[in-house]
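Peer 1: what would the 3D arrangement of this be:
(one chain, ligands or ions: 1)
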Amino acid sequence: MAPYTITYFAVRGRCGSMRIALSDLGQEWKETILSFDEWTKGDLKAKCVFGQLPKLEDGDLALFQSNAILRHLGRKHGAYGKNDKEAAQIDMMVDGVEDLRLKYGRLIYQEYDTGKEAYLKDLPDHLSKFEAVLAQNKSGFLVGDKVSIADYALLDVMLNHLVLCSHSLDKFPSLKSFVDKMSARPKLKAYLESEAYKKLPINGNGKQ
Ligand SMILES: N[C@@H](CCC(=O)N[C@@H](CSC(=S)NCCc1ccccc1)C(=O)NCC(=O)O)C(=O)O
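Peer 2: Predicted structure coming up:
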């Protein structure tokens, strides 16, 4: 039996990073996919700590909040830095990615038809921050000298942005190299090329 079960909707959404992490870390997982009709019945929602998904089940642990799930997987599988200082830096990067994810989510769900041009105009200001961190860390990772959950989070959001605008990384060579190198990691490459990954829409409203 797979050690992990993800319960979520039939979208990439807030499960992109954790699925990338599980794949790269060589972990298997089961998916419980809910339709929006099943969800609106309300009985599962009532059992969710914050009334929302995703949920990760790890044995008798039921965890909500996508970034808490990512941190749990990082701690369990050696993807959370080599000491407290690196773990703190990884937390900082995960939170920085979350800031961009929230802006992206607002565009997708609230402002897509009128705000895409302005969003893309403003995007380089956010990408430049990750570009600077990657440019100064010769390992090719955001923190330290091995892959961490911060890299999984950044890769997920960058892949979404390359769908939003295929040229979005053209002026950011370190970010582009990061995405190429991460996506070429054998286990991760296999997942990104899988039907399981490709069949899921990125967002819940069909916009990308
Ligand atoms: N901070 C939480 C946020 C979780 C969250 O927003 N979950 C959404 C789904 S994740 C997401 S990207 N939401 C954006 C819109 C959306 C709604 C429903 C399905 C898919 C997308 C949800 O459960 N919505 C249903 C509800 O609140 O009743 C986390 O990081 O897990």
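Peer 1: tell me which stretches of this protein form helices.
Peer 2: Ranges of helices in the chain, per DSSP state H, are 16-24, 36-40, 43-47, 66-76, 84-106, 112-136, 149-164, 173-183, 186-192, 195-198.
Peer 1: ok, the first one near the ligand or not?
Peer 2: No: using CB under 6 Å from any ligand atom, helix 16-24 stays clear of the ligand, with a minimum separation of 9.7 Å. C-beta coordinates here come from the backbone N, C-alpha and C atoms, glycine included.
Peer 1: try the fourth one
Peer 2: Yes: for helix 66-76, a contact with the ligand is found by CB under 6 Å from any ligand atom, at 66-67.
Peer 1: and the angle for that helix with helix 149-164?
Peer 2: With axes from the mean of the first three to the mean of the last three CA atoms, to 10 degrees applied, the angle from helix 66-76 to helix 149-164 works out at 140 degrees.
Peer 1: interface residues of the protein facing the ligand?
Peer 2: Counting by CB under 6 Å from any ligand atom, the chain comes close to the ligand at 9, 11, 13-14, 45, 52-54, 65-67, 105, 109, 204.
Peer 1: off-centre distance for stretch 16-26?
Peer 2: Put simply, stretch 16-26 sits 9 Å off its chain's centre (CA atoms, centre = their mean, to the nearest Å).
Peer 1: export that stretch as CSV, just CAs?
Peer 2: Presented in CSV, the C-alpha positions along stretch 16-26 are these (Å, rounded to 0.1, in the frame of the first residue of the first chain):
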residue,chain,number,x,y,z
GLY,A,16,1.9,20.6,-7.9
SER,A,17,4.8,21.0,-5.5
MET,A,18,4.1,18.0,-3.4
ARG,A,19,3.7,15.7,-6.4
ILE,A,20,7.0,17.0,-7.8
ALA,A,21,8.6,16.4,-4.4
LEU,A,22,7.2,12.9,-4.0
SER,A,23,8.3,11.9,-7.5
ASP,A,24,11.8,13.3,-7.2
LEU,A,25,12.2,11.7,-3.8
GLY,A,26,11.2,8.3,-5.2
